[in-house]
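Q: Pasting the sequence and the predicted model now:
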Amino acid sequence: MLSRCLPGLLLASLGCSLALASPPQERWNTPYAEKTAALELKGDIVRGESAFVICQGCHRVGALGRSDGSYPRLAGQHATVLIKQLSDVRSGRRSNLKMLPFADHQALSMQDVADIAAYLRSLPVPASQGQGPGNDLARGRQLYERDCQVCHGRQGEGKADKFFPRVSGQHYQYLLREGGLIRDGKRRNAHPDMVQAISTYSDDDNAAVSDYMSRLPVDGR
Amino acid sequence: MPGMRVLTPFLLSMALLLPASLRAADAQETVKTVCAACHGVDGNSTEPANPKLAGMDQEYLMRQLKAFAAGTRRDDAMSGIIATVDTSDFAKLAAYYGPQKPAPGKVLDAQLAAKGRTLYEDGNTDSGVPACAGCHQSDGKGNARFPRLAGQHQAYTLKQLADYKSGRRATDPLMTTVGKRLTTDESKALAEYIAGL
């Protein structure tokens, strides 16, 4: 009897320890039904413009955000990134209590999410984003090239198929705040490699690299 | 009946050419006996507690009538009155009041209105109040989705914000959030600014 149960027990406990030790690389972007569905829907730019109306009270017309960093720029961001982040906020994987009532299931359908992402991706990105003080750009560049460039790209262009956000054209103050939240484990849905890479950053390091990113070329796109 | 085949499309096109006020002519009786006492015959109420309806989108007015009938929007006066109105008249009433010419409102405190303007255009980033202009547009003229605010009585706007906050008006979860995030002083400033739009 015991011999028949033992393999099952062993398997069960193995399964348990696997779940606990599942590599964080998989957990940061685990598929879940809502996100997968939104990613598979075809986004429509025209419908997205109409659905985005309820977002522009904060993110502003043209989705250019605010240079004080209170609301990020969304214009020109990869649709995959927008769908992941929006789905993460909707499902509580990324905490954003300010935004939640304007993005939850009462406010937006999954089709709205896909449409808004398509619309935002299509928007122009003028080089008018808020920049940092510019006093430590050499250090910022050094950190960016060592820790960030591999995922976010030489020009800060990100990688759509990997869900890595574009950082060029983003407001300095927003990059600064999110960098701190990610480093301190408060954003919760960040790539663990990034959390690891910036775990030893001082506030000055965070500021320097945010400043460097806010000055990456935008070229209006 | 060969003449009829020619005549029918003609009559139909004539009907479409009639001004909205005439098409809604059969709502006149209800307007006179039920609505006008509070909202005015031309939709420009003179009593600050009662909303001006003139210039509001018909679809929006229709939604509100249905919301009062369904109880998702409640008001001491309207909730009782709506029960006396035939639901089949709702569309006619909306079609009557919507196209009326809105009378301008009056700003009573310019300093307060200036504060309201900032909030209307920029929101409050600390408390997460979005800019009103995001949905209602800078001119506050409104559309089918978002109501006209421009020129509305201060007292009425204030009451709506308070009713969203308290849940007495539950017609829009986004506005419930906005109502809860606004302070009383902010609501007063907004109502003052909106009156002058």
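A: Nice, I can see it. Numbers count the residues shown, from 1 in each chain, chains lettered A, B, ... in the order given.

Q: Neighbours of the residue nearest to residue A:29 when sequence neighbours are not counted, how many?
A: Leaving aside its sequence neighbours, residue A:29 sits nearest to residue A:163 (CB to CB, 6 or more residues apart in numbering or on different chains; 5.7 Å). All C-beta spots, glycine's among them, are computed from the backbone N, C-alpha and C. For residue A:163, the neighbour count with other CB atoms under 10 Å in any protein chain shown is 20.

Q: Does residue A:186 lie in a helix or a strand, and which?
A: Under DSSP states H and E, no helix or strand contains residue A:186.

Q: ditto for the one 10 residues further on
A: Secondary structure assignment for residue A:196, by DSSP H and E: helix A:192-197.

Q: For chain B, which residues are neighbours of chain A?
A: B:123, B:125, B:128, B:130-135, B:145-146, B:173-174, B:176-177 (CB under 8 Å from any CB of the partner chain).

Q: Among the residues you listed, which lie within strands?
A: Among those, DSSP state E puts none in strands.

Q: out of those residues, what pair is the most spread apart?
A: Greatest spacing in those, by CB to CB: B:125 and B:145 (24.3 Å).

Q: Tell me the spatial nearest neighbour of residue A:203, not counting adjacent residues.
A: Per CB to CB, 6+ apart, closest to residue A:203 is residue A:180, 7.3 Å.

Q: The one you found: neighbour count?
A: Other residues close to residue A:180 by other CB under 10 Å number 17.

Q: and if you look at residue A:27?
A: 12.

Q: mind listing what the closest residue to residue A:91 other than its chain neighbours touches?
A: Nearest residue to residue A:91 in three dimensions, chain neighbours excluded: residue A:34, at 6.1 Å (CB to CB, 6+ apart). Going by CB atoms under 8 Å, 6 or more residues apart in numbering or on different chains, residue A:34 touches A:87, A:90, A:91, A:110.

Q: and the residue nearest to the last one when sequence neighbours are not counted, what element?
A: Which is residue A:110. In this structure, residue A:110 finds its nearest non-sequential neighbour in residue A:38, 4.8 Å apart by CB to CB, 6+ apart. If you go by DSSP H and E, residue A:38 is part of helix A:33-40.

Q: And that helix, what's buried?
A: Buried residues in helix A:33-40, counted by 16 or more other CB atoms under 10 Å in any protein chain shown: A:34, A:35, A:38, A:39.

Q: and of those residues, the nearest to chain B?
A: Nearest to chain B among the buried residues of helix A:33-40 is residue A:34, at 18.8 Å by CB to the nearest CB.

Q: From residue A:59, how far out is the closest one?
A: 21 Å (CB to CB, to the nearest Å).

Q: do the same with residue A:48
A: Distance from residue A:48 to residue A:59, by CB to CB: 13 Å.

Q: what do you get for residue B:181?
A: In terms of CB to CB, residue B:181 sits 17 Å off from residue A:59.

Q: Tell me which of these two has more neighbours.
A: Comparing residue B:181 with residue A:59 by other CB under 10 Å, the one with more neighbours is residue A:59, at 22 against 18.

Q: wait, is residue B:179 part of a helix?
A: Yes - assessed with DSSP: H, G, I helix; E, B strand; the rest coil, residue B:179 lies in a helix.

Q: pLDDT score for it?
A: Looking at residue B:179, its pLDDT stands at 98.

Q: That one contacts residue B:162, doesn't it?
A: Yes - contact criterion CB atoms under 8 Å: residue B:179 and residue B:162 qualify, at 7.3 Å.

Q: Look at these two and report which has more neighbours.
A: Neighbours were counted for residue B:179 and for residue B:162 using other CB under 10 Å; residue B:179 has more, 20 against 15.

Q: Name the helix or strand for the residue in chain A that chain B sits nearest to, please.
A: In chain A, no residue comes nearer to chain B than residue A:57, which is 2.6 Å away by CB to the nearest CB. Using DSSP H and E, residue A:57 sits in helix A:56-59.

Q: Tell me which residues are up against that helix.
A: A:63, A:65, A:70-74, A:98-99, A:102, B:123, B:125, B:128, B:130-135.
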